[in-house]
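K.L.:
Provide a 3D model corresponding to the input given below.
(one chain, ligands or ions: 1)
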Amino acid sequence: MTNQLDQAKMEAFVGKVLGDSSAALTTTLAVLGDRLSLFKDLAAHGPATSGELATRAGINERYAREWLGGMATAGYLEYDPVSHRFTLPPEHAPALAQEGGPVFFGGIYQMMTGMTGVLDELTAAFRTGGGVPQSAYSTDMWDGLDRFTNGWFENLLIQQWIPAMPDVQTKLESGARVADVGCGSGRALIKLAQAFPQARYVGYDIFGPTIESATENARAAGVADRVRFARHDVSQGIPEQYDVITTFDVIHDAVDPLGLLRTIRRSLREDGMYVCLDINCSDKLQENQGPLGAMFYGFSVLYCMTTSLAGGGAGLGTLGFHEAKARELCAEAGFSKLRRVPLENPFNNLYEIRP
Ligand SMILES: C[S@@+](CC[C@H](N)C(=O)[O-])C[C@H]1O[C@@H](n2cnc3c(N)ncnc32)[C@H](O)[C@@H]1O
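P.N.:
You can find the predicted model right below:
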């Protein structure tokens, strides 16, 4: 009987949908935990009853009790029925409480809040085409993105990525001129400027509010003497020549990815190097199956593809600049060599690209 319903398969799938729906609500409670610094409080001050957490974190006890119950039933916290105290296990703290750490999720939580804020505009775009422009997203999007990618720059950029590209490192050590295209709030350049003070840095971004944050971040970090930021659409060209140009998580959601790559090619000195960080994914949909692939598609619909389409752009999407596409577009833009730097990183690929 070919068209008979497989009961076990149906029930297993209902279980999966239940799990995913529950996970969405658990994540929403975790967003509140991040906003109110509840995980950070439990990590810093130890186990608490609802009353103790309420006092410590300055929140209402009834809300604290319900939130703690939700987080404990989801397995994020542990509950002791004798003392009525809730504990954040130390193994859970890196994901939930360690701001700037390599596996911290607070930035993703905040970014997701910013992304889901445009659901009405997104629904309309599904019907009529077009997209949702960057300006439609709340500051949660930009602050969340800043906190999210900051984890890469704090933990990987200087420690792993630059040492894996010795020629780039040599240039930075010997006073290179560096441009970061799509610099966002400037964290990558600030880290580079601290590690390689001889070099001179400029960050370009098309989106004004991030340039304001970047300028303030550089001033606060004490590197404003060697780092500057400018609002600019790089697909229209940049004025000077550089030894090193970087893009971190930029090409796949650009309106005109090829235009950006062409500008970068033209603006690199002949012995210069283009460092490109972008998404680690396959060009075959079936090989992207699983939670990370599903998360990438979520980011794509909620932001990456959609903001590109808003500008009448390519709309590559979060999974659209895989290694094969990177090779194709870089060749089309006039680069002759692309090396994928060997990394154990499920989220990102790093490419060292030469004219
Ligand atoms: C996903 S964000 C990444 C920001 C930053 N590099 C980071 O890692 O946090 C991509 C950035 O590229 C910028 N961008 C996209 N197209 C651009 C263009 N044509 N010129 C300059 N910036 C652009 C966007 O405004 C956005 O800030």
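
K.L.:
any stretches of the stretch 201-350 of the chain with poor pLDDT?
P.N.:
For the stretch 201-350 of the chain, no stretch has pLDDT under 70.

K.L.:
what's the spacing between residue 124 and the ligand?
P.N.:
22 Å (CB to the nearest ligand atom, to the nearest Å). Heads up, the C-betas are built off the backbone N, CA and C, glycines and all.

K.L.:
what's the answer for residue 328, then?
P.N.:
19 Å.

K.L.:
next, residue 245: secondary structure please.
P.N.:
Assigned state for residue 245: strand (three-state reduction, DSSP: H, G, I helix; E, B strand; the rest coil).

K.L.:
please renumber so the chain begins at 330
P.N.:
From this message on, residue numbering opens at 330, which makes the last subject residue 574.

K.L.:
list the contacts for it?
P.N.:
By CB atoms under 8 Å, 6 or more residues apart in numbering, the residues touching residue 574 are 507-510, 593, 596-597, 601-604.

K.L.:
which parts of the longest helix seen in the chain are buried?
P.N.:
Counting by DSSP state H, the longest helix found in the chain is helix 336-364. Going by neighbour count (16 or more other CB atoms under 10 Å), the buried part of helix 336-364 is 355, 358-360, 362-363.

K.L.:
rewinding a little: which of the contacts of residue 574 fall in helices?
P.N.:
Among these, the residues falling in helices (DSSP H) are 593, 596.

K.L.:
could the buried residues of helix 336-364 go into JSON lines alongside pLDDT and distance to residue 444?
P.N.:
Output for the buried residues of helix 336-364, formatted as JSON lines (pLDDT from 0 to 100; distance: CB to CB, whole Å):
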{"residue": "355", "pLDDT": "98", "distance to residue 444": "18"}
{"residue": "358", "pLDDT": "98", "distance to residue 444": "18"}
{"residue": "359", "pLDDT": "98", "distance to residue 444": "15"}
{"residue": "360", "pLDDT": "98", "distance to residue 444": "12"}
{"residue": "362", "pLDDT": "98", "distance to residue 444": "19"}
{"residue": "363", "pLDDT": "98", "distance to residue 444": "15"}
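
K.L.:
just give me the closest of these to the ligand.
P.N.:
residue 363 (18.2 Å; CB to the nearest ligand atom).

K.L.:
is any part of stretch 604-617 close to the ligand?
P.N.:
No: if you take CB under 6 Å from any ligand atom as the test, stretch 604-617 misses the ligand, and the best it gets is 7.7 Å.

K.L.:
so of the buried residues of helix 336-364, which two are at opposite extremes in space?
P.N.:
In those, two members sit farther apart than any others by CB to CB. They are 355 and 363, at 12.7 Å.

K.L.:
picking up where we left off before, of the contacts of residue 574, which belong to strands?
P.N.:
507-510, 597, 601-604 (DSSP state E).

K.L.:
buried subset of those residues?
P.N.:
For these, a burial check counting by 16+ other CB under 10 Å picks out 507-510, 597, 601-604.

K.L.:
quick check, nearest of those to the ligand?
P.N.:
residue 510 (5.9 Å).

K.L.:
for the closest one, name its beta-bridge partners.
P.N.:
Taking DSSP bridges as the rule, residue 510 bridges to residue 533.

K.L.:
hang on, isn't it packed against residue 578?
P.N.:
No: the criterion here is CB atoms under 8 Å, and residue 510 misses it with residue 578 at 11.1 Å.

K.L.:
which residues sit against whatever helix or strand residue 655 lives in?
P.N.:
For residue 655, the host element (DSSP states H and E) is helix 652-661. Outside helix 652-661, the residues that touch it by CB under 8 Å, 6+ apart are 580, 586-587, 590, 605, 607, 612, 645, 650, 667, 669, 678, 680, 682.
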